[in-house]
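Visitor: Sequence below, structure please.
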Amino acid sequence: MRPISLVARPQLPASVREMELVERKGLGHPDTICDALMESISVALCAAYVEVCGRVLHHNLDKSLLVAGQTSPQPGGGTIEAPMRIICGDRAVGAWQGTKIPLGEIVEATAVDWFRQHLRYVDPQRHVVLQNEIRPGSPELVDIFARDTLTANDTSAAVGFAPLSETEQLVLAAERYLNSPEFKARHPETGEDVKAMGIRRGRALQLTVAVAFVDRFITTPKSYFDLKAGLTQELNDHLSARLQHLDRVEVQVNTLDDPTRGLGGMYLTVLGTSAEGADGGEVGRGNRVNGVISLNRPMTLEAAAGKNPVSHVGKIYNVLSHQLASRIYTSVPGLHEVYVWLCSQIGRPLDDPWSVSVELALASGARLEEVEAPIQTIVDDELQNVNRLVERLCRGEIPIC
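Guide: Predicted coordinates for the structure are as follows:
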């Protein structure tokens, strides 16, 4: 039995506080590109290590910088003057018992495949320059992977919570709807760079959404504003149909637009992402591992994407804390909200955190002593079987961003 700290949470649940702020950065946002790309490279590297060595070796690929390119959008189709550049950095084992691991080839092939699968208008061979700066790791961290018992490679804290509030669910749903295959089939003029920021005041949600329009589909300023108005109404209807406890939602799209300013008053892109010429990106600046950035919730600044999934608690405990909170909330009656804090100690076994703390918002009539035993059982089970989570992370089965 792992000792846990179990306390009642004094604050009101997020869903009933007077105000909530929630953000979601979509697939084509520069920060999300960095997160998703480095996570994909980590998964590909795990597969290569297993194939060559029989096990995952040391790597941490959570350092990536996207330098925006240069484009000139125009109605009917603009031009590309300079490609975006992605610098892939940090550490990875490149050889094992005399056998070379083709890091450069894995990085490049994975990046090309990722862009082709996820950003429709980006040609990775023409529009992206990949700069590989991955270097060997320190001997002590590399040695962790040769030990019989996998241990934490860092002293790090993580926090997870459940359930998502209605505001969080709606912000997440907005981006996922705009980037769904069905929506893109109907609206090829929209790129994958979508960002949604929601502010709930009382029972009303206001949503500001940025959507990159692709210039080749826009013939005149009027066509742009007509398409934007239709998109705004469609998204508003989609979210309104999903309201549960909130009274209303109000959607605004591309609020910097100004029909009196011509080309300067429209959010046009050539490739459907601001990374082509406006905004850079970095790993760790985007969504948390549950898909949203919730400013009313406690959250870690640790970047999970690209970290190795075998010993790096900055990834494992980040995901596990949310998984624990969700299982406790769905399995134990009498809870409004669950928060789980996990803290590792470098060198300590993964299944034995330095600290486990669970905070609960109890429903009326529920008592802390009544839920302690089932929560303890869930915590023990999840930690005892943390290897199942590690295996799923190695295979890329759990979304990180």
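Visitor: Stretch 70-86: end-to-end distance?
Guide: One end of stretch 70-86 sits 14 Å from the other (C-alpha to C-alpha, to the nearest Å).
Visitor: what's the nearest residue to residue 170 if we skip its chain neighbours?
Guide: Spatial nearest neighbour of residue 170, excluding adjacent residues (C-beta to C-beta, 6 or more residues apart in numbering): residue 239 at 5.5 Å. C-beta: built from backbone N, CA, C; applies to glycine.
Visitor: need the contact list for the one you found.
Guide: The neighbours of residue 239, taking C-beta atoms under 8 Å, 6 or more residues apart in numbering as the test, are 170, 173-174, 177, 207, 249, 251.
Visitor: How far does the helix or strand that contains it sit from its chain's centre?
Guide: Secondary structure from DSSP states H and E places residue 239 in helix 221-240. Put simply, helix 221-240 sits 26 Å off its chain's centre (C-alpha atoms, centre = their mean, to the nearest Å).
Visitor: and that helix, average pLDDT?
Guide: Helix 221-240 shows an average pLDDT of 97 in the prediction.
Visitor: and it, which residues are buried?
Guide: 221, 224-225, 227-228, 231-232, 234-236, 238-239 (16 or more other C-beta atoms under 10 Å).
Visitor: Distance of the closest residue to residue 265 other than its chain neighbours relative to residue 207?
Guide: Closest residue to residue 265 apart from its sequence neighbours, by C-beta to C-beta, 6+ apart: residue 258 at 3.7 Å. Separation of residue 258 from residue 207 (C-beta to C-beta, to the nearest Å): 20 Å.
Visitor: quick one, which of these two is more surrounded?
Guide: The residue with more neighbours, out of residue 258 and residue 207, is residue 207; 23 against 10, by other C-beta atoms under 10 Å.
Visitor: Next, the buried residues of the strand or helix carrying that one.
Guide: Element membership for residue 207, per DSSP H and E: strand 204-214. For strand 204-214, burial by neighbour count (16+ other C-beta under 10 Å) applies to 205, 207-214.
Visitor: which other helices and strands contact it?
Guide: Applying 3 or more C-beta pairs under 8 Å, 6 or more residues apart in numbering; DSSP states H and E, one finds that strand 204-214 contacts helix 166-178, strand 190-201, helix 221-240, strand 248-253, strand 268-269.
Visitor: Between these, which one is closest to residue 355.
Guide: helix 166-178 (26.1 Å; C-beta to C-beta).
Visitor: So which residues of the protein form helices?
Guide: 30-53, 103-118, 124-127, 139-144, 166-178, 181-186, 221-240, 313-331, 368-384, 386-394 (DSSP state H).
Visitor: nearest to residue 89, of those helices?
Guide: Once those are compared by C-beta to C-beta, helix 30-53 is nearest, at 9.2 Å.
Visitor: That closest one: which residues count as buried?
Guide: Buried positions in helix 30-53, judged by neighbour count with 16+ other C-beta under 10 Å: 30-46, 48-49, 52.
Visitor: pull the CA atoms of that helix into PDB?
Guide: The C-alpha trace of helix 30-53 is given here as PDB (Å, rounded to 0.1, in the frame of the first residue of the first chain):
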ATOM      1  CA  PRO A  30       3.100  26.300 -34.200                       C
ATOM      2  CA  ASP A  31       3.400  25.100 -30.600                       C
ATOM      3  CA  THR A  32       1.200  22.100 -31.300                       C
ATOM      4  CA  ILE A  33       3.200  21.300 -34.400                       C
ATOM      5  CA  CYS A  34       6.400  21.100 -32.200                       C
ATOM      6  CA  ASP A  35       4.700  19.000 -29.500                       C
ATOM      7  CA  ALA A  36       3.100  16.600 -31.900                       C
ATOM      8  CA  LEU A  37       6.100  16.300 -34.200                       C
ATOM      9  CA  MET A  38       8.600  15.500 -31.300                       C
ATOM     10  CA  GLU A  39       6.200  13.100 -29.700                       C
ATOM     11  CA  SER A  40       5.900  11.300 -33.100                       C
ATOM     12  CA  ILE A  41       9.700  11.100 -33.400                       C
ATOM     13  CA  SER A  42       9.900   9.700 -29.800                       C
ATOM     14  CA  VAL A  43       7.400   7.000 -30.700                       C
ATOM     15  CA  ALA A  44       9.300   6.200 -33.900                       C
ATOM     16  CA  LEU A  45      12.500   6.000 -32.000                       C
ATOM     17  CA  CYS A  46      11.000   3.700 -29.400                       C
ATOM     18  CA  ALA A  47      10.000   1.300 -32.200                       C
ATOM     19  CA  ALA A  48      13.500   1.400 -33.700                       C
ATOM     20  CA  TYR A  49      15.200   0.800 -30.300                       C
ATOM     21  CA  VAL A  50      12.900  -2.200 -29.600                       C
ATOM     22  CA  GLU A  51      13.600  -3.600 -33.100                       C
ATOM     23  CA  VAL A  52      17.400  -3.200 -32.900                       C
ATOM     24  CA  CYS A  53      18.000  -3.600 -29.100                       C
END
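Visitor: Just give me the neighbour total for residue 216.
Guide: Neighbours around residue 216, by other C-beta under 10 Å: 17.
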